[in-house]
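Asks: Need a 3D model of the following:
(one chain, ligands or ions: 1)
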Amino acid sequence: MGANLTKSYASAQESPPALRGVTVVVQPGEAVAVMGPSGSGKTTLLHLLAGVLQPDGGQVSLDGADVSGASDAERTRLRRETFGFVFQSGQLLPELPAIENVALPLMLGGTPRRDAEDRAGALFAPLGLAGLERRRPGELSGGQAQRVAIARSLVGQPRVVFADEPTGALDQRTGAEVMQHLTGLTHQLGASLVLVTHDAGVAAWCHRTITMRDGQIIGEERR
Ligand SMILES: Nc1ncnc2c1ncn2[C@@H]1O[C@H](COP(=O)(O)OP(=O)(O)OP(=O)(O)O)[C@@H](O)[C@H]1O
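Replies: You can find the predicted model right below:
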């Protein structure tokens, strides 16, 4: 989905480029982990693939369509309708019950509340969240809250889910549970997963791990 990507930040022109020619192909349904030391360019790569940032050179494409050449409005639409996002923590709205947090992206896209909540509710059981629909985020454990965030990332049936350190705030066992759900459900729904992590145990849940260093890919491992 990304070919020969380069990126420097305008505010850091004297520093080496954040990305120096990175090519990543992600298959439908495939889960890819991106690892590497701090500052190696992992988040920059994720943001380019997700259309959050524009590359200086190279191309991002999805099924042959050029994402990086699309207008701002088109990239915003892609991010809303074609991509899902999971972050480390703090992504749920504290005043809304879990089910409304999950339904929100659909409602913002114009789906009536009832349909949106029906589709949201269908994700609770597969994520081990049955019965927690009316709880607010503050009444959930960290692992439960991340599974609600996963449900929210998947409710719009995205083609690709981007996850930046999704287990970074969790202990190892809870993180493994969250990864089991994240990889299991994205695969089942036919979505690809691109995940940034520092944790080899987390990466091991993915089909493939890409290792970055100094803005380049220096290794790749398939499972
Ligand atoms: N907004 C920005 N402005 C200027 N430089 C940036 C910006 N974001 C990242 N960089 C620089 O780009 C390089 C790559 O950063 P990036 O955040 O992609 O690395 P990373 O591998 O995700 O790091 P970490 O594991 O610490 O999150 C680093 O040298 C970083 O300092």
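Asks: So which residue is smack in the middle of the chain?
Replies: Per CA atoms, centre = their mean, the C-alpha nearest to the average position across the chain is that of residue 162, at 1.6 Å.
Asks: Just give the number of residues close to the residue lying closest to it once chain neighbours are set aside.
Replies: Nearest non-adjacent residue to residue 162, counting by CB to CB, 6 or more residues apart in numbering: residue 50, 4.8 Å away. All C-beta atoms are positioned from the backbone trio N, CA, C, and that covers glycine. Neighbour count of residue 50, defined by other CB atoms under 10 Å: 23.
Asks: Next, the buried residues of the helix or strand in which residue 58 is found.
Replies: Residue 58 is located in strand 57-62, with elements delineated by DSSP states H and E. Neighbour counts over strand 57-62 (16 or more other CB atoms under 10 Å) mark 58, 60, 62 as buried.
Asks: For the longest helix seen in the chain, the averaged confidence score.
Replies: Scanning the chain for the longest helix, with DSSP state H as the assignment, gives helix 172-188. Helix 172-188 shows an average pLDDT of 94 in the prediction.
Asks: can you check stretch 116-131 too?
Replies: 96.
Asks: which outside residues touch it?
Replies: Applying CB atoms under 8 Å, 6 or more residues apart in numbering, the contact partners of stretch 116-131 are 98-100, 102-104, 106-107, 111, 132-133, 144, 147-148, 150-152, 154-155, 177, 181, 185, 188.
Asks: Restricted to helices, list the residues you listed.
Replies: Checking the contacts of stretch 116-131 against DSSP H, those in helices are 98-100, 102-104, 106-107, 144, 147-148, 150-152, 154, 177, 181, 185, 188.
Asks: Now list the buried members of those residues.
Replies: Using 16+ other CB under 10 Å as the burial test, those include 98-100, 102-104, 106, 144, 147-148, 150-152, 154, 177, 181, 185 as buried.
Asks: Okay, buried residues for the longest helix of the chain please.
Replies: Result for helix 172-188 [16+ other CB under 10 Å]: buried residues 174, 175, 176, 177, 178, 179, 181, 182, 183, 185, 186.
Asks: was I right about the third one contacting residue 201?
Replies: Yes. If you go by CB atoms under 8 Å, residue 176 and residue 201 touch, sitting 7.1 Å apart.
Asks: Fine, thanks again, bye for now.
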